[in-house]
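Engineer: coordinates only, sequence not included:
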């Protein structure tokens, strides 16, 4: 192993290194000299503080070298490197992981990943459905019992409507004329998200006179989640047009109406005074 003691001539070339750093940097941004590092035989890197705004803790690194038996030191490269306490940009995160609800605007496209756990294959039109498909083996057996025809190709690609009794017709009737449908995981994460926003544990629901399950403005939804969720159709509710838990509730419940007399304590007295005035007249 050769010694990594800095070469004397290269180590003494501080001003040469400073000139190289000043040529690469903005005027006045090359700071104090830090130290010299021996990279190899007759190869030394000189470090200078960087005073460029936004580059706290960074250093200009100028590597100098000389040939064997040569007296002339030359500059090899000049780069800006982070020091041990440098201010660094956060680790890069793919856009798909940075995206948050509400970020999508008009004209934006959000392609779903091929392996999105929230989705699973829908009806493919093949004789044998793919794994985890909504067209289950039981449905195929049912079609066989009913002596149904298997229509080749997916329903969307057919020129004419599928014949009655075919697997394609059954799939279309059940709303499965889609390449992919929600998986069990997709249903669970959607339910958790909706329950967190408009569920029984929200402050609004805690103070409500009754829950949405008894409200006339609650519209049921299709699918398995209809047992726990619906859509609010009350324009005065904070959840209008939103999917709400049946255990949610607000002050705009359809059965929370109060009588006119209770709403206006002086109304009954006013009516009595009116009747008396009419009788006197």
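Structural biologist: On my side now, so go ahead. On a predicted model such as this, the values are computed, not experimentally measured, just so you know. Residues are numbered from 1 along each chain as shown.
Engineer: so where is the stretch 51-200 of the chain shaky, pLDDT-wise?
Structural biologist: Applying pLDDT under 70 to the stretch 51-200 of the chain flags residues 123-177.
Engineer: quick one: the strands in it?
Structural biologist: Counting by DSSP state E, counting those that start in this stretch, the stretch 51-200 of the chain has strands at residues 58-65, 74-82, 119-121, 180-182.
Engineer: in the third one, which residues are buried?
Structural biologist: In this case it means strand 119-121. Buried residues in strand 119-121, counting neighbours by 16 or more other CB atoms under 10 Å, are found at 119-121. Where you see a C-beta, it was placed from the backbone N, CA and C, and this is true even at glycine.
Engineer: mind listing what the strand ranked longest in the chain pairs with, with the direction of each?
Structural biologist: Longest strand in the chain, counting residues (DSSP state E): strand 30-40. Partners of strand 30-40 in the sheet, by DSSP bridges, are strand 43-50 (antiparallel).
Engineer: gap between the spatially closest residue to residue 28 that is not a sequence neighbour and residue 74?
Structural biologist: Residue nearest to residue 28 in three dimensions, not counting chain neighbours: residue 51, with 7.2 Å by CB to CB, 6 or more residues apart in numbering. Applying CB to CB, to the nearest Å, the value for residue 51 to residue 74 is 26 Å.
Engineer: more neighbours, those two?
Structural biologist: Shown here are residue 51 and residue 74; by other CB atoms under 10 Å, residue 51 has more neighbours (16 against 13).
Engineer: isn't that one right up against residue 26?
Structural biologist: No. Look at residue 51 against residue 26 with CB atoms under 8 Å: they stay out of range, at 9.2 Å.
Engineer: quick one: contacts for residue 58?
Structural biologist: Residues near residue 58 by CB atoms under 8 Å, 6 or more residues apart in numbering: 50, 52, 80-83, 86-87.
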